[in-house]
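Asks: generate coordinates for the sequence data below:
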Amino acid sequence: MKKILPSLIVALILLASCGKDQDPFLIDQTRVGLITQQTQIRELDSLFAGDSIVRAVNPGQFSGNRNEIQIFDSQGNRLLLVEPVQAFDSTSTIGFIQVMDARYTTSKGLGPESTFKDIVENYSISRIENTLRAAVVFIDELNLYITIDKQELPSELRYDTQSRILASQIPDNARFKYFMINWD
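Replies: I've put the predicted structure just below:
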């Protein structure tokens, strides 16, 4: 018993310190700050106890609203827009997160205020999709995608939805319109 007790105490101290060292703004493959892939919607209130949570509930059957939840910090700045996998289910996990606050970044510094050059220098682009108004850049290793408005692209790509957009065609200084995490 004398040998087990000190080991148990050390293990408990290490376990307790792991949670305290967690960066509340780090984005990686399985988390965005304090939110993980296993986080249920009902847990958001405790994770963001000092912040404001606004639930935009539209119970209309055909509304298309997936029960968006906006999270603001204590100063009123928009942090995140969260959508559950299952609308109107407090036990649902999170399907999508739109990151709005520049403090949220990956370990390599990629965040909503970054540029396309930051992606190219630090990550492998999985694919680029050409849509009507944007180029959508996917980074599968982080479960994220970035939308770049076509106004940021060369003029020959702005009105073309058929051509394949290559990474080399996107300017280094192109800014992001949306910075999205997809766990759905």
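Asks: verify the contact between residue 86 and residue 94 for me.
Replies: No - using CB atoms under 8 Å, residue 86 is not in contact with residue 94; the gap is 10.4 Å. Where you see a C-beta, it was placed from the backbone N, CA and C, and this is true even at glycine.
Asks: for those two, indicate the residue with more neighbours.
Replies: residue 94 (24 against 13; other CB atoms under 10 Å).
Asks: now do the SS call for that one.
Replies: strand (DSSP: H, G, I helix; E, B strand; the rest coil).
Asks: how close does it sit to residue 152?
Replies: 28 Å (CB to CB, to the nearest Å).
Asks: what do you get for residue 91?
Replies: Distance of residue 91 to residue 152, computed by CB to CB: 40 Å.
Asks: and these two? which has more neighbours close in?
Replies: residue 152 (19 against 10).
Asks: distance of that one from residue 37?
Replies: Distance from residue 152 to residue 37, counting by CB to CB: 30 Å.
Asks: what sits against the closest residue to residue 78 other than its chain neighbours?
Replies: Spatial nearest neighbour of residue 78, excluding adjacent residues (CB to CB, 6 or more residues apart in numbering): residue 100 at 4.5 Å. By CB atoms under 8 Å, 6 or more residues apart in numbering, residue 100 lies in contact with 78-81, 112, 179.
Asks: and these, which of them are buried?
Replies: Buried members of the contacts of residue 100, scored by 16 or more other CB atoms under 10 Å, are 79-81, 112, 179.
Asks: so which of those sit within strands?
Replies: 79-81, 179 (DSSP state E).
Asks: immediately after the lowest-mean-pLDDT helix or strand in the chain, which helix or strand?
Replies: When each helix and strand of the chain is scored by mean pLDDT, DSSP states H and E, helix 4-20 comes last, with a mean of 48. The helix or strand immediately downstream of helix 4-20 is strand 26-28, counting by DSSP states H and E.
Asks: any chance you could map the strands in this protein?
Replies: 26-28, 31-32, 35-36, 52-56, 68-72, 78-84, 94-99, 105-106, 127-130, 134-139, 144-149, 178-182.
Asks: packing partners of the second one?
Replies: Applying 3 or more CB pairs under 8 Å, 6 or more residues apart in numbering; DSSP states H and E, one finds that strand 31-32 contacts no other helix or strand.
Asks: what does it rub up against?
Replies: Defining contact as CB under 8 Å, 6+ apart, one finds that strand 31-32 is touched by 37, 80, 97, 99, 104, 181.
Asks: any chance of the ones in strands among the buried ones among the contacts of residue 100 in JSON lines, plus pLDDT and distance to residue 56?
Replies: Shown next, in JSON lines, are these (pLDDT from 0 to 100; distance: CB to CB, whole Å):
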{"residue": "79", "pLDDT": "97", "distance to residue 56": "15"}
{"residue": "80", "pLDDT": "98", "distance to residue 56": "13"}
{"residue": "81", "pLDDT": "97", "distance to residue 56": "9"}
{"residue": "179", "pLDDT": "98", "distance to residue 56": "20"}
